[in-house]
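In: Please find the sequence and the predicted model below.
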Amino acid sequence: MHVFWTNKTKSDLEILEDLLIENWGFDVLKDFYEILERKIVLLGNENVIHQKYEDTDFHKLLITKHNTIIYEVSGAQINLLNMINNFRNPGSNYNLITESSL
């Protein structure tokens with residue numbers, strides 16, 4: 001399956017990059033990217049649909065204990081919609097996802 005990164009997900013990733021570099025340095029950023037790449041490759045190669053996100057039609061993929069990607073499957077394409085911080089208020093995360101998908 002083809003994996004498509006939305007502009008919102010790219011923006012979320014840029015914010016996360018800045019946070020990781022600023023607080024923990026390039027080694028942590030490199031480790032994060034290795035985990036992220038491995039998970040995205042698996043998502044694209046496997047016929048696995050992950051758990052639904054709340055009461056939406058979207059699915060969630062845990063990247064690290066700190067971050068989750070919200071995605072949807074559309075035909076033969078996986079659309080990465082948001083990258084959320086798991087320690088943020090769950091209501092705020094839900095609002096970000098449901099509002100950005102309208």
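Out: It's in.
In: Touching, Leu81 and Asn7? I think so.
Out: No. Judged on Cβ atoms under 8 Å, Leu81 makes no contact with Asn7 at a distance of 10.4 Å. No exception for glycine: its C-beta is placed from N, CA and C like everyone else's.
In: Comparing those two, which residue is more hemmed in?
Out: For Leu81 and Asn7, the more surrounded residue by other Cβ atoms under 10 Å is Leu81, and the numbers stand at 24 against 7.
In: is it true that that one lies in a strand?
Out: Yes. When DSSP: H, G, I helix; E, B strand; the rest coil is applied, Leu81 is found to be in a strand.
In: Just the element for the residue nearest to it when sequence neighbours are not counted, please.
Out: Closest residue to Leu81 apart from its sequence neighbours, by Cβ to Cβ, 6 or more residues apart in numbering: Ile70 at 4.9 Å. Following DSSP states H and E, one finds Ile70 within strand 67-74.
In: and that strand, what other elements does it pack with?
Out: strand 59-62, strand 77-85 (3 or more Cβ pairs under 8 Å, 6 or more residues apart in numbering; DSSP states H and E).
In: So in that sheet, which strands flank it, and in what orientation?
Out: Strand 67-74 sits in its sheet next to strand 59-62 (antiparallel), strand 77-85 (antiparallel), going by DSSP bridges.
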